[in-house]
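Novice: turn this into a structure:
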Amino acid sequence: LPWRVLDKTIMTLQKVMEESMKLQGDNVYKLPHLRKDVQEKAGMRELRPSCDAEVVAALEALESRLADEDLVDEMAELFKTSSDFAQVENIVVV
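Specialist: Take a look at the predicted model:
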């Protein structure tokens, strides 16, 4: 495919993802008209289109939550390991 087609496709995909994230992953959204052809003719195409601040904040919150969940999983694994170790110690001592 020509790079212009791919460029437009990527811009559309970014907006689709952005609109979906605004609705917590739902796919019932209205995609805004991006005027890609007008931007291209005017020479104003953005290589990195802006992302709504609300979506950026939601992504940061999601990353933080995922990091917290990973930490909880690590702590649970450590607790399980230390419990298993304590049971082995009790068997050896008895």
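Novice: so which elements touch the lowest-mean-pLDDT helix or strand in the chain?
Specialist: Ranked by mean pLDDT, DSSP states H and E, the weakest helix or strand in the chain is helix 36-42, scoring a mean of 74. The helices and strands touching helix 36-42, judged by 3 or more CB pairs under 8 Å, 6 or more residues apart in numbering; DSSP states H and E, are helix 3-22. Bear in mind the C-beta positions are built from the backbone N, C-alpha and C, glycine included.
Novice: pull the longest helix from this protein.
Specialist: Counting residues, the longest helix found in the chain (DSSP state H) is helix 53-93.
Novice: tilt between it and helix 3-22?
Specialist: 70 degrees (axes from the mean of the first three to the mean of the last three CA atoms, to 10 degrees).
Novice: what's the local residue count around M21?
Specialist: 19 (other CB atoms under 10 Å).
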